[in-house]
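> Kindly return the folded structure for what I paste below:
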Amino acid sequence: MLLTQSTTPIIGWIATLLGYVMEFIFYCLNFIGIQNIGLCIIIFTIIVRLLMLPLTIKQQKFAKISQVMQPEINKIQRKYRNKTDQASMMKQNEEIQKVYEKYGTNPTGGCLQLVIQMPIFLALYQVIRKIPAYIPQVKAVYMQVVTAIAGQAGAIDAINKIGKGLKSSYVTSLASDATKNQIIDTLNYFNADAWHKLAKAIPSAADVINTSSTHIIGMNDFFAGINVSQTPGFHPSIYWLIPILAALFQYLSAKTMKQPELDGNNPAAGMTKSMTVMMPLMSLYFCLVTPAGLGIYWVTSALFQCLQQVIINKYMDNADIDALVAKNKEIPIKNSTADKTIPPNKGKNEGNQEAIPNAVR
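Just a heads-up that it's a prediction; the model follows:
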């Protein structure tokens, strides 16, 4: 059962902060007479992406440096390819570490940005999935319905029956003693037909339900009848526009990324090529089985990332690699990095140690 706002440590805290951003956006739009959650999600996504831009640029710098130093690392790996004794493996690690020190970086440099971004995106998921929990003005409209049906005989049973008919994995059965927040969690996924059934099931609260649901549907109506709380599913509809755009922009974003050269010494390049196809397909599926609001976030994020990557590519193409290395060297690289982050080769050059360049990408 959802407890409205996320209570997961770190993710929940970040979600609360991001919720304030979403609330501020809604307040500003409401001030000029616009109450549209879909538009809030688009603006929200752009703001968060801009805030994360420094991390993205730093990742790209590591990727550019990695491309330059990769041939040197490959040369060392080929040198020790058939040497599996401990002394040779230690010597290989030492030589690889010297390459990292030469370029002022380390094997975990690019991973740090990914580690930082992961809880942020998980928190974003929580905020967009449970909008009423993070925007008090939206929650207040739902609360009118909850207050009107409070104490009404059979109200919870009616909500459960209607919710079951929605066939959504995001809608769970409410206990007889469900809290108001838990009831709102379920009502958040009601469509126009579900609201009509609820008003019919509880006649004494029908006026409040009809008035509030009209307001809620208006806030959730994004474009051409697309409701941000509804899931596109696998039945053809206007909702399919979202997963199709998400897959398209994800593909374009992947194509704008600097691709490693395909060669026998760099299997990571083959993996990158596979991900260029897999990520759009994952986006397509993800946006089919999650509420449209999350799909709108996904589409906006992929489009922003695509445009951002084009700009970053132009910047990186003109970037002075020597200047990037010099700047990296301003940050001391601990000598213990090699022991902790570059494991000895096992067997015959297992994996060709390509986890190293992947980490800095």
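> Doesn't Q5 lie inside a strand?
No - read with DSSP: H, G, I helix; E, B strand; the rest coil, Q5 is coil and lies in no strand.
> residues in contact with the closest residue to it other than its chain neighbours?
Leaving aside its chain neighbours, Q5 sits nearest to A133 (4.6 Å; criterion: C-beta to C-beta, 6 or more residues apart in numbering). In short, each C-beta sits where N, CA and C put it, glycine included. Shown in contact with A133 (C-beta atoms under 8 Å, 6 or more residues apart in numbering): 4-5, 19, 139, 181, 184-185.
> can you pull out the helices in the stretch 1-150 of the chain?
11-31, 37-51, 53-79, 86-102, 109-129, 131-134, 136-149 (DSSP state H, counting those that start in this stretch).
> pLDDT on the shortest one, on average?
Looking at helix 131-134 alone, the average pLDDT works out to 90.
> can you dump the C-alpha coordinates of that helix into PDB?
Provided in PDB are the C-alpha atoms of helix 131-134 (Å, rounded to 0.1, in the frame of the first residue of the first chain):
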ATOM      1  CA  ILE A 131       1.400  14.200  -7.800                       C
ATOM      2  CA  PRO A 132      -1.300  14.800  -5.200                       C
ATOM      3  CA  ALA A 133       1.200  13.900  -2.400                       C
ATOM      4  CA  TYR A 134       3.600  16.700  -3.500                       C
END
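> What residues sit buried inside that helix?
Neighbour-count burial for helix 131-134 flags 131-134 (criterion: 16 or more other C-beta atoms under 10 Å).
> Buried residues, stretch 194-212. List them.
194-199, 201-202, 205, 208-209, 212.
> State the helix or strand in which A302 lies.
Taking DSSP states H and E as the criterion, A302 maps to helix 292-317.
> for the record, mean pLDDT for the helix or strand just after that helix?
Counting by DSSP H and E, the next helix or strand C-terminal to helix 292-317 is helix 321-328. Helix 321-328 comes out with an average pLDDT of 71.
> contacts for helix 321-328?
61, 64-65, 68, 102-105.
> that older thread, out of the buried residues of stretch 194-212, list just those in helices.
Secondary structure from DSSP state H places 194-199, 201, 208-209, 212 of those in helices.
> From Q144, how far off is T211?
From T211 across to Q144, the span is 8 Å (C-beta to C-beta, to the nearest Å).
> V141 reaches H215, doesn't it?
Yes - when contacts are counted by C-beta atoms under 8 Å, V141 is listed as touching H215 (5.2 Å).
> what bits of the stretch 101-250 of the chain have low per-residue confidence?
107-114 (pLDDT under 70).
> how near is the residue nearest the centre of the chain to G19?
Nearest to the geometric centre of the chain sits F121, at 4.0 Å (C-alpha atoms, centre = their mean). Separation of F121 from G19 (C-beta to C-beta): 15 Å.
> In the stretch 151-300 of the chain, mark out all the helices, start to finish.
For the stretch 151-300 of the chain, applying DSSP H, counting those that start in this stretch gives helices covering 155-165, 180-187, 192-201, 206-220, 241-256, 267-289, 292-317.
> So which of these is nearest I41?
Closest to I41 of those, according to C-beta to C-beta: helix 292-317, at 5.0 Å.
> List the buried residues in that closest one.
Neighbour-count burial for helix 292-317, with 16+ other C-beta under 10 Å as criterion, is recorded at 292-306, 308-309, 312, 316.
> cool, and stretch 44-58?
Going by neighbour count (16+ other C-beta under 10 Å), the buried part of stretch 44-58 is 44-45, 48, 52, 56.
> Kindly report the same for stretch 161-181.
So for stretch 161-181, counting by 16+ other C-beta under 10 Å, buried means 162-163, 166, 168, 170-171, 174, 178, 181.
> I'd like to know how many residues surround the closest residue to Y239 other than its chain neighbours.
Leaving aside its sequence neighbours, Y239 sits nearest to P232 (C-beta to C-beta, 6+ apart; 3.6 Å). Around P232 sit 22 other residues, with neighbours defined as other C-beta atoms under 10 Å.
> Who are the contact partners of P232?
By C-beta under 8 Å, 6+ apart, the residues touching P232 are 239-240, 242-243, 287-289, 292, 295.
> Try it again at 6 Å.
Contact partners of P232, counting by C-beta atoms under 6 Å, 6 or more residues apart in numbering, are 239-240, 243, 288.
> any residues touching stretch 42-58, and which ones?
22, 25, 113, 297, 300-301, 304.
> ok, so of those, who is nearest I96?
Nearest to I96 among those, counting by C-beta to C-beta, is Q113 at 21.5 Å.
> coming back round to it: please dump the buried residues of stretch 194-212 into a markdown table; it should also carry distance to G151 for every row.
Converted to a markdown table, the buried residues of stretch 194-212 look like this (distance: C-beta to C-beta, whole Å):
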| residue | distance to G151 |
| --- | --- |
| A194 | 21 |
| W195 | 20 |
| H196 | 22 |
| K197 | 20 |
| L198 | 16 |
| A199 | 17 |
| A201 | 15 |
| I202 | 11 |
| A205 | 10 |
| V208 | 14 |
| I209 | 15 |
| S212 | 17 |
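> who's in contact with F190?
Counting by C-beta under 6 Å, 6+ apart, F190 has no contacts.
> residue contacts, L288?
By C-beta under 6 Å, 6+ apart, the contact list for L288 reads 232, 243.
> Let's see the pLDDT reported for it.
Reported pLDDT for L288: 92.
> And it, how far from Y239?
9 Å.
> quick revisit: I'd like to know which of the buried residues of stretch 194-212 is nearest to N220.
Nearest to N220, judged by C-beta to C-beta, of those is W195 at 11.0 Å.
> tell me the contacts of that closest one?
S213.
> go again using 7 Å as the cut-off
209, 213 (C-beta atoms under 7 Å, 6 or more residues apart in numbering).
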